[in-house]
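Chemist: requesting a structural model of the entry that follows:
(one chain, ligands or ions: 2)
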Amino acid sequence: MFREDFNSYKSQNPPLSKVLNFNDCKHLLTKQVKEVKVKMNAKAKFGLKPSKDWKVYELNNNSGLIFIKNPFTVTGQRYWIIRSLRDYTNKPNKLNLDIHNIIPQNEEFWTFSQKDINVMNKLRWATLGYHHNWDTKVYSETSKSDFPLDLASLSQYVADVLNFSEFRAEAAIVNFYHMNSRLSGHTDHSEQFLEAPLFSFSFGQTAIFLIGGATIDTKPTALFIESGDIIVMSKESRLCYHGVPKILHAEVNLLTNDNEEINGEELNCDTLEDCNDSIYWTTFQKYINNCRININVRQVLRPINSILDS
Ligand SMILES: O=C(O)CCC(=O)C(=O)O
Ligand SMILES: [Fe+2]
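Modeler: Ligands and ions are numbered 1, 2, ... in the order given. Here you go, the predicted structure:
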């Protein structure tokens, strides 16, 4: 059932009318989603709006699958896009490009890619914290780097608002999607503490996301993920099959016309300034016009542990 739907949504003409759209309140009146009450914080942080203004839903068919309709400000989205492309692609973080040795030793990805568009187009993922091992799927103490403080704070803040206050951000995959990219159905089970939720932040172009059940025999639910939307896979949904069959161009370009208050508490000040420098922002806007960035944050260790169980 999962594969059948995946193939149908990846086609030239996906059945868009069957995709859950969280902009469209009509869906809320159906049996598909219910609203979730969250902790009310009047103060905005990390490029987010105050949580009293968030719209938070849970899927009825996928208990624990929480959807937060874009709670970010425009500056907030720009901030996480700049961090993902320019900073999280720096050593000691790992990139899919590392094995090809195309970036000279003393150069950073973003600076180098400005001179070589092919390098820019080849970027697919970066791993942070405990590095995801794409072959063995096993984390290792010998393959880890410091987790970025701002991203850990963002994740822990969102976790706290949803009453997952024990969450620790220890590993992340930053996925870079092009208009023809896909991510086939999989489960994320490498972490040693699978009771912890997984936080997924998306920026840029729109994805069709499929969330199924514990096996590929369950028919998945399809939903649109737009720029700024957050998905949390908690409880029963944490180990469910999911994938991204299709990337679509966003209907509106949400990252322009920036006339808003900056809620940048605890963010990197220089980067915040860069967000609002329209000339500096241009190269990032150009990238994101045809790409989608997804930051997937996980807790790896059991709460009582400070290193991996062998
Ligand atoms: O891009 C997405 O929304 C999902 C990414 C994902 O499932 C993963 O990195 O494990
Ligand atoms: Fe995943």
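Chemist: could you tell me which residues of the chain lie near ligand 1?
Modeler: Where proximity means C-beta under 6 Å from any ligand atom, the interface of the chain facing ligand 1 comprises 173, 175, 183, 188, 200, 202, 207, 209, 225, 242, 244, 294, 296. (C-beta placed from N, C-alpha, C; glycine too.)
Chemist: ok, the second one - how many residues close by?
Modeler: Right, residue 175. 19 (other C-beta atoms under 10 Å).
Chemist: could you give the bridge partners of it?
Modeler: residue 125, residue 294 (DSSP bridges).
Chemist: pLDDT score for it?
Modeler: For residue 175, the pLDDT comes out at 98.
Chemist: on that earlier part again, tell me the one among the residues of the chain next to ligand 1 nearest to residue 151.
Modeler: The shortest gap between residue 151 and any of the residues of the chain next to ligand 1 belongs to residue 296, at 10.9 Å (C-beta to C-beta).
Chemist: three-state assignment of residue 79?
Modeler: helix (DSSP: H, G, I helix; E, B strand; the rest coil).
Chemist: if we can go back for a sec, now go through the residues of the chain next to ligand 1 and say which are in strands.
Modeler: Using DSSP state E to define strands, the subset of those located there is 173, 175, 183, 200, 202, 207, 209, 225, 242, 244, 294, 296.
Chemist: how about the first one: what's its closest non-neighbour residue?
Modeler: Closest residue to residue 173 apart from its sequence neighbours, by C-beta to C-beta, 6 or more residues apart in numbering: residue 296 at 4.7 Å.
Chemist: wait, the one you found sits on residue 183?
Modeler: No: judged on C-beta atoms under 8 Å, residue 296 makes no contact with residue 183 at a distance of 10.3 Å.
Chemist: list residues touching both of these two?
Modeler: Between them, residue 296 and residue 183 share the neighbouring residues residue 175, with contact defined by C-beta atoms under 8 Å, 6 or more residues apart in numbering.
Chemist: of the two, give the one with the bigger neighbour count.
Modeler: The residue with more neighbours, out of residue 296 and residue 183, is residue 296; 20 against 17, by other C-beta under 10 Å.
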